[in-house]
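Undergrad: what follows is a protein structure lacking sequence information:
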């Protein structure tokens, strides 16, 4: 039972990775960096109500709960436009 769940989880992870790779086909390294940064910011914004900005550090309990969701990625994907590639002559 546990092994079956692990296999299913690995298969879902592979499918998600493939989907993300297909969605970002043709993106440059800079495009992917911008997409990753915006995805992380979207995830962080969801946790802002739990963070006291007056404190120097984010509480470990909040950090442990933080995760990036597919919805964060999809939101960033809609906002980050890849730069056109220069054609070499």
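TA: Looks like it came in fine. Predicted, not measured: the structure shown is a model, and the values here were computed from it. Residues are numbered from 1 along each chain as shown.

Undergrad: can you give me the buried ones in stretch 35-51?
TA: By neighbour count on 16 or more other Cβ atoms under 10 Å, the buried set for stretch 35-51 is 35, 38-39, 42-43. Glycine gets a C-beta too; all of them are placed from N, C-alpha and C.

Undergrad: now do the helices in the protein.
TA: 2-23, 29-47, 60-65, 70-79 (DSSP state H).

Undergrad: how about those helices in TSV, adding distance to residue 54 and mean pLDDT?
TA: Below are these laid out as TSV (distance: least, Cβ to Cβ, whole Å; pLDDT from 0 to 100):
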stretch	distance to residue 54	mean pLDDT
helix 2-23	36	84
helix 29-47	16	94
helix 60-65	14	88
helix 70-79	26	94
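
Undergrad: relative to residue 85, which of those helices is closest?
TA: helix 29-47 (9.7 Å; Cβ to Cβ).

Undergrad: so can I have a markdown table of the helices of the chain showing distance to residue 53?
TA: Converted to a markdown table, the helices of the chain look like this (distance: least, Cβ to Cβ, whole Å):
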| stretch | distance to residue 53 |
| --- | --- |
| helix 2-23 | 31 |
| helix 29-47 | 12 |
| helix 60-65 | 12 |
| helix 70-79 | 20 |
